[in-house]
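> Next input, structure requested:
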Amino acid sequence: MSELPSPSPASEPTAAVTGQAALRRNWRGLAQRPWAIALVVLVLLLGWQWYDSYSRMSGLREELASRLRDSDADSRDARLVARQAQEAVREAQAKLAQLDAKLAESQNQQVALEALYQELSRNRDEWALAEIDQILTIASQQLQLAGNVQAALVGMQTAEARLARTDRPQFIPLRKVLTRDIERLKATPNLDVAGLALRIDQIIAGIDTLPLAGEERIAASVQKSSVPDVSDSLWLRLGAEIWNELKSLVRIQVMDSTEPGLVAPSQAFFLRENFKLRMLNARLALLSRDEATFREDIKTASAWLSRWFDARSKATQAAEASLKQLNAAAIQIELPTIADSLNAVRNYKVARDRAR
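The predicted structure follows:
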């Protein structure tokens, strides 16, 4: 086999000059073709646009990661508040258990009094006095423990009717005292505690169905998104779907207030549960006649309703109207006592026993 001849040193400068001449001819050819220059400029513009889009997407990813971290911190705070609210509910349940124990104790006392009166009653007058004392005791307990004016009034009227049936002249002073206490109870304003508690229960039952602020707007924007026609070509449908996906990445909404109350989906559950706990606390304050706590809880619930829920919804408007009615109700009423009637009956029994 013959070896290939190696290029001589004199031929290398000649090849370099030939390459430079060919490069100059190519550039002159490109300069004579404007479309080639436009193509190069277009390629450069597309490259710059791709780099700019990539930089913006990187910034959006970093901002999204920061907001997710903030959302996790807020979620932990909401869980802490929920645990504190649960502890408050447990304390309220313990107080209710104490009230139930007191009511059970009063009921046991009532049963013991009934047995005692049946054993010690010897004649008609003594039986009447024992029955009236029992009725007045129950009426006083209803008035002091539950604040039930109507039950106390019914008891007083029953006792007065029992004295009237005996038709004894010695009972006339007792009837005068009972009549005076009856008139005092009739003059007391009536508070519909059951009706107010039922209204609070209706609000609690409807909290899960109340729409949050921004939910209806997002649903409307999703429904208005363009749907590609089936009759279009494959490329047109593909382009329309890509455009819809790009538009769904960013939503611009015009809110009515300067500080819209937007809630992340992970925090909506805790918001509704805290709203329920606030209304339950208001219900407990209503039953215990704590007007200051009741007013504060109702005002806080109304503020939450205006800030975090959609004010244009009919359900939200109905709940807000109910809260206004609850806030306008007066729950702290100075209740009268029937101590005069109780003391009159018991003093009469003591004087009767001493006269024997």
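
> So which residues of the stretch 201-350 of the chain form helices?
Counting by DSSP state H, counting those that start in this stretch, the segments of the stretch 201-350 of the chain that form helices are 215-223, 234-249, 265-287, 291-308, 314-328, 339-354.

> correction: the stretch 1-150 of the chain
Going by DSSP H, counting those that start in this stretch, the stretch 1-150 of the chain shows helices at 11-31, 34-120, 124-141, 149-166.

> for the longest one, what is the average pLDDT?
With pLDDT averaged residue by residue, helix 34-120 scores 82.

> cool, and the first one?
Rounded to a whole number, the mean pLDDT of helix 11-31 is 58.

> still on that earlier bit, out of the helices of the stretch 201-350 of the chain, flag the one nearest residue 46.
Across the helices of the stretch 201-350 of the chain, residue 46 has its closest neighbour in helix 234-249 (17.5 Å, C-beta to C-beta). Every C-beta, even on glycine, is put in place using the N, C-alpha and C of the backbone.

> Local confidence estimate at the closest residue to residue 157 other than its chain neighbours?
Using C-beta to C-beta, 6 or more residues apart in numbering and skipping residues adjacent in sequence, the residue nearest residue 157 is residue 182, 6.2 Å away. Turning to residue 182, the model gives it a pLDDT of 87.

> Counting neighbours, what do you get for residue 182?
A count of nearby residues for residue 182, using other C-beta atoms under 10 Å, gives 18.

> name the element it belongs to?
If you go by DSSP states H and E, residue 182 is part of helix 172-186.

> Which secondary structure elements does that helix sit against?
helix 149-166, helix 339-354 (3 or more C-beta pairs under 8 Å, 6 or more residues apart in numbering; DSSP states H and E).

> let's see 10 Å
Under the contact criterion of 3 or more C-beta pairs under 10 Å, 6 or more residues apart in numbering; DSSP states H and E, helix 172-186 touches helix 124-141, helix 149-166, helix 339-354.

> can you tell which of those helices is closest to residue 54?
Closest approach to residue 54 among these is made by helix 149-166 (75.5 Å; C-beta to C-beta).
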